[in-house]
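> take a look and give me a structure for this.
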Amino acid sequence: MSKTVVKGSFESSLKRFKNSVAKSGTHSEFKKRQFFSKPGVLRREAMKNAIINSRKNNKKNKYYD
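Sure, this is the predicted structure:
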């Protein structure tokens with residue numbers, strides 16, 4: 001499988017490809033679906049992440065009030 005690079009060098013093409021994969025969320029979706037997690041575990045992790053994010057936001061907004 002060989003491709004020819006039309007615009008720029010190979011490095012810039014690789015960077016554009018990585019950015020497009022990151023924007024589409026393919027890699028993160030693959031990592032998420034690699035192992036099965038029970039629904040209860042997913043809920044607990046989501047709640048834990050929500051708490052962490054709210055604490056971060058509260059810490060940031062504390063200085064702006």
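> give the other helices and strands that the longest helix along the chain contacts.
In the chain, taking DSSP state H as the definition, the longest helix is helix 39-62. With contacts taken as 3 or more Cβ pairs under 8 Å, 6 or more residues apart in numbering; DSSP states H and E, helix 39-62 sits against no other helix or strand. (C-beta placed from N, C-alpha, C; glycine too.)
> show the average pLDDT along that helix.
In this model, helix 39-62 has an average pLDDT of 92.
> and it, C-alpha only, in CSV?
What follows is helix 39-62 as a C-alpha-only set of coordinates in CSV (Å, rounded to 0.1, in the frame of the first residue of the first chain):
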residue,chain,number,x,y,z
PRO,A,39,-22.8,-0.6,32.9
GLY,A,40,-22.4,0.1,36.6
VAL,A,41,-18.7,0.5,36.2
LEU,A,42,-19.2,2.9,33.4
ARG,A,43,-21.6,5.0,35.5
ARG,A,44,-19.2,5.1,38.4
GLU,A,45,-16.4,6.2,36.2
ALA,A,46,-18.6,8.9,34.6
MET,A,47,-19.6,10.2,38.0
LYS,A,48,-16.0,10.2,39.2
ASN,A,49,-14.9,12.2,36.1
ALA,A,50,-17.8,14.6,36.5
ILE,A,51,-16.8,15.3,40.1
ILE,A,52,-13.1,15.8,39.1
ASN,A,53,-14.1,18.2,36.3
SER,A,54,-16.5,20.2,38.4
ARG,A,55,-13.7,20.6,41.1
LYS,A,56,-11.3,21.8,38.4
ASN,A,57,-13.9,24.3,37.0
ASN,A,58,-14.7,25.5,40.5
LYS,A,59,-11.0,26.0,41.2
LYS,A,60,-10.6,28.0,37.9
ASN,A,61,-13.7,30.1,38.5
LYS,A,62,-12.9,30.8,42.1
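> outside of it, which residues touch it?
With Cβ atoms under 8 Å, 6 or more residues apart in numbering as the contact definition, helix 39-62 has outside contacts at residue 37.
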